[in-house]
Structure formats: structure tokens, C-alpha cells
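Visitor: model the following, please.
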Amino acid sequence: MKKTFFTLLLLFFVVNLQAQHVEFVVDLPFEIESKANAKISKDTYLQLTADVRPLADVYIADISSLELKDQAQARRFFERFDDDNVAFYVDWAKQAVYIRLIPQDEGKKDWDVEKWATYFKMKVHSLREKEGQDIDKTK
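Guide: I've put the predicted structure just below:
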């Protein structure tokens, strides 16, 4: 009886110690070949790092300034910007979003940082036209 109790107690401590060291990682549906940093302003404008040539296929941006309440809200927010040329994947534990550039149109395959910045600004402006100046992050 004592042996079973101590075994269970030891097992409890081992499980607790392992649980403290678990690192949450977003399960990306693709391989990251090259990555770089991006910034998202409080106004939701996305700016890719300009010093990376050629452009990375994935950019990572901090989302903590957006004041999203949970992972579900963050996913819903970024899904509104997804399209055939760009996809967003939220890693809530790291308060980050992975931005994958997947240009489908021939013209977009040669875009530089400035053209992508304009593209992202147009996406934000389009959403603001639908929802007003303050984009609703709770949808």
C-alpha cells in the first residue's frame, strides 16, 4: 500500500514537472524555408522587414499590442485578412502571428517590401470601409 502511494506521489510530481516545461508551438501546415520579422502597429498596419533580400516566405510579428483577448479571437481577427496571396497563423502562447506570403498572381511573385506594404494597407483600408475607422477585433 505504501509503495503504491509513493509511486503515485512520484508520478504526480513527474507529471507536474513535465507540464511546466511544455512549450506551445503553433502547428504550421507548411515548412518554413526562410523567415524574417515584421511589425504590426496598434492601427493594424503590417510592415515587413525591409533588410531581407530576397523576401522571406514567412514573417513573424508580435501581436501583444493588439490587445486581443484569446487565441480564438486572434484567429478570427487574422482570418479576415487571409486570401490567395497571404495566410496568417496565430501562435497565442508566443503572442505572435506567422505571415506566409504565397503570391498566386505572376505580378505579385516579384513584389518588393514596398508593394507588399501597399497591399497590406489596402486590406486594412478595405476592412475599415466596412467596419469604420476602428476595426472590431471582437468579431
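
Visitor: low-confidence regions, this structure specifically.
Guide: The model of the chain has pLDDT under 70 over residues 1-30, 133-139.

Visitor: in it, which residue is most central in space?
Guide: Nearest residue to the geometric centre of the chain (Cα atoms, centre = their mean): V97, 1.3 Å.

Visitor: adjacent strands (with direction) for the one helix or strand that one maps to?
Guide: If you go by DSSP states H and E, V97 is part of strand 96-101. Sheet pairing of strand 96-101 (DSSP bridges) gives strand 58-62 (antiparallel), strand 86-91 (antiparallel).

Visitor: how far is the last one from where the chain is centred?
Guide: Strand 86-91 has its average C-alpha position 4 Å from the chain's average C-alpha position, going by Cα atoms, centre = their mean, to the nearest Å.

Visitor: restrict it to CA atoms and write it as CSV.
Guide: Extracted in CSV, the C-alpha atoms of strand 86-91 (Å, rounded to 0.1, in the frame of the first residue of the first chain):
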residue,chain,number,x,y,z
VAL,A,86,-1.2,35.7,-47.8
ALA,A,87,-2.1,33.5,-44.9
PHE,A,88,-1.9,34.3,-41.1
TYR,A,89,-1.2,31.7,-38.4
VAL,A,90,-1.6,32.7,-34.7
ASP,A,91,0.7,31.4,-32.0
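
Visitor: who does the residue nearest to the centre of the chain bridge with?
Guide: V97 has these beta-bridge partners by DSSP bridges: A61, V90.

Visitor: so who does it touch?
Guide: Neighbouring residues of V97 by Cβ atoms under 8 Å, 6 or more residues apart in numbering: 40, 60-61, 63, 74, 78, 88-91. To be clear about C-beta, it is placed using only N, CA and C from the backbone, and glycine gets the same treatment.

Visitor: looking at those residues, spot the one nearest D112.
Guide: For these, the residue nearest D112 by Cβ to Cβ is A61; the value is 18.4 Å.

Visitor: cool, thanks, talk later.
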